[in-house]
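**Q** Using only what follows, build the 3D model:
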Amino acid sequence: MRITETNTLFFSQTLAYLDVYLPSQRGYSPMTIDSYRDALTVFKHFVEEELHETVFSFCFKDCTRDCVYRFLESLKHRGNSPGTRNQRLATLKSYLEFVSQTNISIVPIYIEAKRIHAVKNPEKEKEVLSEAALNAIFSEPKNDRIGIRNKTLMILLYDTATRISELLNIRLSDIHLKKEGSYIIVTGKGSKQRPLYLSEKTVNHLKYYMSLYHPDDTDSSQHLFYTTIRGMKGCMSVGNAERIIKQYAKAARKKCPEVPANVHPHMFRRTLATQLYQEGTSLVLVSSLLGHSNIETTRCYAKPSEEMLRNAILSIQPSTEHQMTKKWKDQKEDCKRFCGLR
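**A** Below is the predicted model of the structure:
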């Protein structure tokens, strides 16, 4: 039997897709690429466990529309949310599009997959932290070396509205502390850099932290937040930072019921962005602070406050009422005729 191009092994191009195409041609960040890698890994597990195939037997021709639908149904049974299922589907479509650019026989397979619609994903109102909840969480760290590190991390996370990965990637060379206008340089998605200015209180916390953790550091490439394992300093992991925040939020919830059940690093970013918008900061400036390349991405943070809604309603209320005046006076016959009476 003649071997056709569609008999090419499905996973034969994943390395080039993940390690060359996504970072070099699409400019995706390492964390974004990791999400694509995870999606393809989950699909591989589906192929092995439910289709009883291997990476050495599953071909592109086997990735039919029915196969993809079965994969999505499997994800649903495993309890994956609509958003997660949509991300897995988008990854498959992206991968098939990449392969079809160099292998024309894959185009029909890509077109069939592209016709599969994403699952409807109802928008849920995303929680933000109230002022009381923020104060409760910030009050939890002890005034010891570890506590000061953890409190500084959370304060910077909130005050700069950075993504947790951006904050943990900050190095000493990115910090510029001056008498006026102290700021840090953050590298966001697509390796885009942006300056983020710090409040005076945050600068004081940062200086105190650095006096403990970087008193004599001459290596400007050192990460601002680090952990020491077997005597070696390394960048603090996202998972470690998440555990720290969840630990303090759990303790703070016992004292302040306003602390949400599931506090995560991104909630600090969302809280500041929402507060800025509600206080009158333009969406363009909020978008710039967050490092969004498209202002539409920022609109999810544009949640109006009750005061903004009330003022909007009051602004359209008429200030005066037009009084009706009589068009006639003491004309009884005309009045009777007008009312259809005798």
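
**Q** Where does pLDDT dip in this structure?
**A** 1-6, 123, 305, 308-309, 312, 315-342 (pLDDT under 70).

**Q** how far away is the residue most central in space within it from Phe46?
**A** Nearest to the mean C-alpha position of the chain, counting by Cα atoms, centre = their mean, stands His266 at 6.7 Å. Between His266 and Phe46 the computed distance is 28 Å (Cβ to Cβ, to the nearest Å). No exception for glycine: its C-beta is placed from N, CA and C like everyone else's.

**Q** Same question for Asp144.
**A** From Asp144 to Phe46 the distance is 47 Å (Cβ to Cβ).

**Q** More neighbours: these two, which one.
**A** Phe46 (19 against 10; other Cβ atoms under 10 Å).

**Q** list the contacts for Gly190?
**A** Contacts here follow Cβ atoms under 8 Å, 6 or more residues apart in numbering; on that basis Gly190 touches 27-29, 293.

**Q** Helices of the stretch 101-250 of the chain, start to end?
**A** Remark: helices assigned in the stretch 101-250 of the chain by DSSP state H, counting those that start in this stretch are 107-114, 131-138, 145-160, 164-168, 200-213, 238-253.

**Q** Buried residues, the first one. List them.
**A** With burial defined by 16 or more other Cβ atoms under 10 Å, the residues of helix 107-114 counted as buried are 109-110, 112-113.

**Q** Measure how far that helix is from the centre of its chain, please.
**A** Counting by Cα atoms, centre = their mean, to the nearest Å, helix 107-114 is centred 29 Å from the centre of its parent chain.

**Q** Just list what it packs against, helices and strands only.
**A** helix 65-77, helix 82-100 (3 or more Cβ pairs under 8 Å, 6 or more residues apart in numbering; DSSP states H and E).

**Q** The fifth one now?
**A** Other elements packing on helix 200-213 under the criterion 3+ Cβ pairs under 8 Å, 6+ apart are helix 145-160.

**Q** Dump the helix it packs on to CSV, keeping only the CA atoms.
**A** C-alpha atoms of helix 145-160 as CSV (Å, rounded to 0.1, in the frame of the first residue of the first chain):
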residue,chain,number,x,y,z
ARG,A,145,12.7,37.8,57.6
ILE,A,146,10.3,35.5,55.7
GLY,A,147,7.3,37.5,56.6
ILE,A,148,8.9,40.8,55.3
ARG,A,149,9.7,39.0,52.0
ASN,A,150,6.2,37.7,51.6
LYS,A,151,4.5,41.0,52.5
THR,A,152,6.8,42.9,50.1
LEU,A,153,5.9,40.4,47.3
MET,A,154,2.1,40.9,47.9
ILE,A,155,2.4,44.7,48.1
LEU,A,156,4.4,44.9,44.9
LEU,A,157,1.9,42.5,43.2
TYR,A,158,-1.0,44.8,44.1
ASP,A,159,0.7,48.2,43.7
THR,A,160,2.1,47.5,40.2
